[in-house]
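Colleague: Everything below, folded, please.
(one chain, ligands or ions: 1)
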Amino acid sequence: MNAKVNRHEFADRLTLGDTLAKDIAGKLDAAVKARGKASLAVSGGGTPKLMFAVLAEQEIDWSKVSITLVDERWVDESSDRSNAALVKHHLIAHEAHVATFLPLFDKAHADDVDAALADVGKRVDALGKPFDVVVLGMGPDGHTASFFPGGDHLAQALDLDGKQSVLSMRADGAGEPRITLSLPRVLDTRALYLHIEGNDKKAILDKVIGGEDLPIAAVLKQDRTAVDVYWSP
Ligand SMILES: O=C1O[C@H](COP(=O)(O)O)[C@@H](O)[C@H](O)[C@H]1O
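Modeller: Take a look at the predicted model:
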């Protein structure tokens, strides 16, 4: 296991969401003060909602902050499966409504995620490297970003020497085709958080730490970037 995995446990989801949001805001604020801009890549799914609500209320210079996604289901924002819709409703709001948001779904290639990769990759890279903050989640099958077990491009996505910033992913259990940042692009960040909740997910984490080979292991076992794991029941 990577010696740079720092585990933080919280009594409940509210406390976790509050603490993580304020920690992220502190990093973005420091980035804006040091370099005049900040970048944040967030995950979708259900877990981040509470944290997004607190983060959106933090008083930093959001006009200098660019936000994108770690991964996306290849669906339009009108779908309740859209991670972009989640971010727009819960994070690009309140103080943060002036932040710039870069979605990964590209309407021009709505029928073909692979046709969108070159353009979306360029847009993501135009945010600059490294990201200031990346926040990962984890699904009950041990996927993180859209690194799904059995995914058709899993090996390429996890290749630490890979050059693509974004890849497509199809897998049983993933639902729609996906677009995902690659592992090297995820790790190219000044701060990396893994946000997970519930005893089931803690058990998965413990299994992976014990040696089980699920995609999340690729994040926990690399030694390029330290990972702060934030967990609550
Ligand atoms: O499909 C996805 O799932 C994971 C985990 O979501 P959760 O609902 O279990 O929190 C998420 O991190 C990822 O961004 C999303 O596309």
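Colleague: can we go C-alpha only for contacts and neighbour counts from here?
Modeller: OK.
Colleague: Show residues contacting the helix or strand harbouring Ala116.
Modeller: If you go by DSSP states H and E, Ala116 is part of helix 113-125. Outside of helix 113-125, the residues within contact range by CA atoms under 8 Å, 6 or more residues apart in numbering are 68, 74, 102, 104, 106, 108-109, 164-168, 177-179.
Colleague: which one among these gets closest to Asp80?
Modeller: Closest to Asp80 out of these is Trp74 (11.9 Å), distances taken as CA to CA.
Colleague: so the closest one touches Gly175, yeah?
Modeller: No - using CA atoms under 8 Å, Trp74 makes no contact with Gly175, being 9.5 Å away.
Colleague: any idea of the pLDDT on the closest residue to Arg170 other than its chain neighbours?
Modeller: Among residues not flanking Arg170 along the chain, Pro177 sits closest, at 4.9 Å (CA to CA, 6 or more residues apart in numbering). We have a pLDDT of 98 for Pro177.
Colleague: Enumerate every residue touching Pro177.
Modeller: 73-74, 113, 168-171.
Colleague: Next: Val75.
Modeller: Val75 makes contact with 81-82, 105, 110, 176, according to CA under 8 Å, 6+ apart.
Colleague: Contacts only, for the closest residue to Gly151 other than its chain neighbours.
Modeller: Distances taken as CA to CA, 6+ apart put Ala171 closest to Gly151, at 4.5 Å, once the chain neighbours are dropped. Contacts for Ala171 (CA under 8 Å, 6+ apart) come out as 148-152, 177.
Colleague: Helices along the protein, start to end?
Modeller: Secondary structure of the chain (DSSP state H): helices at 13-35, 49-55, 83-90, 113-125, 154-158, 183-187, 199-209, 216-221.
Colleague: what's the most buried one of those helices?
Modeller: Most buried of these by mean neighbour count (mean count of other CA atoms under 10 Å) is helix 183-187; its value is a mean of 23.
Colleague: Which residues outside it are in contact with it?
Modeller: 70, 134, 157-162, 165, 219, 224-225.
Colleague: gap between the longest strand along the chain and the chain center?
Modeller: Longest strand in the chain, counting residues (DSSP state E): strand 189-197. Taking CA atoms, centre = their mean, to the nearest Å, one finds strand 189-197 lying 8 Å from the centre of the chain it belongs to.
Colleague: For the nearest residue to Thr144 once chain neighbours are set aside, list the residues it contacts.
Modeller: In space, and not counting its chain neighbours, Thr144 is closest to Met138: 4.6 Å by CA to CA, 6+ apart. Going by CA under 8 Å, 6+ apart, Met138 touches 144-145, 194-196, 201, 216.
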